[in-house]
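S.K.: how would this look folded up:
(one chain, ligands or ions: 2)
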Amino acid sequence: MKTIHTVTLNPAVDKTVTVEHFAPGELNRIKTMRTDAGGKGINVAKVLHSFSVPVIAWGIQGGHQGKIILDKLSEQGIPSRFIEAEGETRTNLKVVDEHTKQTTELNEAGCIPSQELLEQFLACYEAGLDDAAIVVLGGSLPPGTPADYYRRLIEIANRKGVRTILDADGEALARGIEAVPFALKPNIYELETLLGTKFTSEEQIVSAARGLVSKGMSYILVSMGGEGSILVTKEEAYRVRPFPITPLSTVGAGDSMVAAMAYCLLACKTTAEMARWTSAAGTVTASKSGTDVCTMEQVEESLNRIEIEPMI
Ligand SMILES: Nc1ncnc2c1ncn2[C@@H]1O[C@H](COP(=O)(O)OP(=O)(O)O)[C@@H](O)[C@H]1O
Ligand SMILES: O=P(O)(O)OC[C@H]1O[C@](O)(COP(=O)(O)O)[C@@H](O)[C@@H]1O
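M.R.: Ligands and ions are numbered 1, 2, ... in the order given. All right, here's what the predicted structure looks like:
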C-alpha cells in the first residue's frame, strides 16, 4: 500500500487541563492535566496509524519539547522525518471546562526556523516523496516562514503526481490554494476569512466551495463544529449531521476528519462514504479526552449514525 505523508511545520506539545468552571480573569484550579504530541499533521498521522495505513510524519522540531514529540511518535510506532531547528517547539494549552464541555485553546506562535533550515526541509521533502500517495499539510506556519511555503510544498507534490490535502488558515491558506491542492478542509470561519464574507445560509457555503472547485480543487470539506459539515465536489454536495455526543476535548477533531478524508481517497471510497467517514471520525475524536483520537473500529461502528443529505 502506498504511504500517506503528513507535514507539521509548527508542531506543539498539547497540554490539556481540565477545570470545573473556566473563569477568565479569575483563579482557575486545574483538576487533571495531560500532554500529547500535537499539531495538525501529527494528529492526522496518529489517526492513520491507528487505521493501519502506512504513514510518515514530517516536520520541524526543536529543543526539549521537540524531543518529547519525537519520543511520543516513536513510542506510538509512527515513522517520522523531523528536521531539528534551534529554539524550542511550542506548548499549546487547551483548557477544558468540565461544566460547559467547552475547550479554550491558547496556542503559542512557535519557534522560528532559519531560512536555511526551511530550504533544507524543502529539499528533503522533495527527495523523500517517492512512495507518497497523498500528502497532508496542516496547521499554522512557524513565525518567519514565508506565507507561500505551503504553495511551494503543494507545487512539489503536484509535479510528482502526489495528491495533497491542505488544512491551514489565514495567509498560509490563501497562498497555499494558489498551487491548487487536491482537497481542502477549512472550518467555516477559515472559509469565511479566506473569502472575506459571512455566510447566512448553507447554500452560500456550497456555492463558495464550488467557487474553489472551479479553480481545480476536487474536494472541499467545510467543518462546522457540533453542527457537522458540508462536503462539496464538482458533481456532488452533502450536508452531514453528526450524532449527539458529550464533547470531552474537541482538539484533534478537525484533524481526524482530514485523516479520514485521506483514508477515503486512498481506499477509493465514494463521496457519500467520505461524507460519513469524515464526520464519524471527527465526532468520535471530539468525544475523547486530550488528543486521543478515533480508532477505525469506533468510526465504522458510528457510520450509520451519521445523517447525510444531498444538496444541489
Ligand atoms: N461539540 C461537538 N459535538 C459534536 N461533534 C463535534 C463537536 N465539535 C466538533 N465535532 C466534530 O468534529 C468535527 C470537526 O470540528 P471543527 O470544530 O469544525 O473542526 P476544527 O477543529 O478543524 O475547527 C465536526 O464536523 C464534528 O463532526
Ligand atoms: O498550528 P495551529 O493552527 O496553531 O494549530 C495547532 C493545534 O491544532 C491541533 O492540531 C488540533 O487541531 P484541530 O482541533 O483542528 O483538529 C492541536 O493538536 C494543535 O495544538
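S.K.: Return the residues in contact with M274.
M.R.: M274 sits next to Y219, L221, L231, A260, M261, C264, L265 when contact means CB atoms under 8 Å, 6 or more residues apart in numbering. For every residue, glycine as well, the C-beta is placed using N, CA and C.
S.K.: ok, now how distant is it from T91?
M.R.: Going from M274 to T91 by CB to CB, to the nearest Å gives 34 Å.
S.K.: circling back to that earlier point, which of the contacts of M274 lies closest to ligand 1?
M.R.: Using CB to the nearest ligand atom, L221 is the member of the contacts of M274 that sits closest to ligand 1, with 8.7 Å.
S.K.: ok, that closest one touching S229?
M.R.: Yes. Between L221 and S229 there is a contact under CB atoms under 8 Å: 6.1 Å.
S.K.: so can I have CSV of the contacts of M274 showing distance to ligand 1, secondary structure and pLDDT?
M.R.: As requested, those are exported to CSV (distance: CB to the nearest ligand atom, whole Å; DSSP: H, G, I helix; E, B strand; the rest coil; pLDDT from 0 to 100):
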residue, distance to ligand 1, secondary structure, pLDDT
Y219, 15, strand, 98
L221, 9, strand, 98
L231, 10, strand, 98
A260, 10, helix, 98
M261, 12, helix, 98
C264, 15, helix, 98
L265, 18, helix, 98
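S.K.: Up against ligand 1, what does the stretch 151-300 of the chain have?
M.R.: Proximity of the stretch 151-300 of the chain to ligand 1 is confined to 187, 223-226, 228-229, 242, 245, 247, 250, 253-254, 257, 279, 282-283, 286 under the rule CB under 6 Å from any ligand atom.
S.K.: Keep only those of those that are also close to ligand 2.
M.R.: Okay, of those touching ligand 2 (CB under 6 Å from any ligand atom), that's A253, G254.
S.K.: So which of the residues of the stretch 151-300 of the chain next to ligand 1 sit within helices?
M.R.: A253, G254, M257, S279, G282, T283, A286 (DSSP state H).
S.K.: Out of the residues you listed, which is nearest to ligand 1?
M.R.: Taking CB to the nearest ligand atom as the measure, ligand 1 lies nearest G254 of these, at 1.9 Å.
S.K.: From T283, how far off is the closest one?
M.R.: Applying CB to CB, the value for G254 to T283 is 11 Å.
S.K.: Of these two, which one has the most company?
M.R.: More crowded of G254 and T283, by other CB atoms under 10 Å: T283, with 29 against 26.
S.K.: ok, now how distant is the more buried one from F199?
M.R.: Distance of T283 to F199, given as CB to CB: 22 Å.
S.K.: try R29
M.R.: For R29 relative to F199 (CB to CB), the value is 39 Å.
S.K.: of these two, who's got more company?
M.R.: F199 (17 against 7).
S.K.: burial count for the residue nearest to the more buried one when sequence neighbours are not counted?
M.R.: Nearest residue to F199, sequence neighbours excluded (CB to CB, 6 or more residues apart in numbering): I205, at 5.2 Å. Using other CB under 10 Å, I205 has 23 neighbouring residues.
S.K.: And E105, by the same measure?
M.R.: Around E105 there are 12 other residues, counting by other CB under 10 Å.
S.K.: Correct me if wrong, but it is in a strand.
M.R.: Yes. When DSSP: H, G, I helix; E, B strand; the rest coil is applied, E105 is found to be in a strand.
S.K.: contacts for stretch 217-228?
M.R.: Stretch 217-228 has contacts (CB under 8 Å, 6+ apart) with 177, 180-188, 191, 205, 209, 212-213, 229-234, 239-242, 247, 250, 253-254, 257-258, 261, 265, 271, 274, 278-279, 282.
S.K.: returning to that earlier point: give the intersection of the neighbour lists for L221 and S229.
M.R.: In contact with both L221 and S229: M257, T278, using CB under 8 Å, 6+ apart.
S.K.: Just to check, E171 is in contact with P146?
M.R.: No. In this structure E171 lies outside contact range of P146 using CB under 8 Å: 9.8 Å.
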